[in-house]
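Participant: show me the folded form of this:
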Amino acid sequence: MTVYVRCVCVIVSADRVADKLVAAAREKLTSASRGRDRQLQEQRKQKAAAFLTRMKQSDVSQTAEDVPSELPTECASNSGTV
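Facilitator: Presented below is the predicted three-dimensional model:
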């Protein structure tokens, strides 16, 4: 009977070790995917910042002469008619 109890204890402890190994592997996979997610998020943030910078530069380069201040004569004459 004593031998049986010792064997059961060894099996239980082996199961615990296996469970700990599985948990450690899951944690490692989770942390790896978090790292990839952070990297993708950082890349998206950099691309968005570059896009906004380009948009601001194009707005600054556009002068008031490029934008008409009044409607063209064709549109102005037709604005009163429906």
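
Participant: relative to Ser33, how far out is Met55?
Facilitator: Distance, Met55 to Ser33, using Cβ to Cβ, to the nearest Å: 33 Å. All C-beta atoms are positioned from the backbone trio N, CA, C, and that covers glycine.

Participant: oops, could you answer that again for Asp59 instead?
Facilitator: From Asp59 to Ser33 the distance is 39 Å (Cβ to Cβ).

Participant: likewise for Arg16?
Facilitator: 26 Å.

Participant: repeat that for Gln43.
Facilitator: 16 Å.

Participant: so where's the chain shaky on pLDDT?
Facilitator: Low-confidence regions of the chain, defined by pLDDT under 70, span residues 1-12, 60-82.

Participant: in it, which spans are helices?
Facilitator: For the chain, the helices defined by DSSP state H occupy 2-61, 73-78.

Participant: for those helices, give me TSV that also has mean neighbour count.
Facilitator: Shown next, in TSV, are these (neighbours: other Cβ atoms under 10 Å):
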stretch	mean neighbour count
helix 2-61	10
helix 73-78	9
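
Participant: alright, calling it a day.
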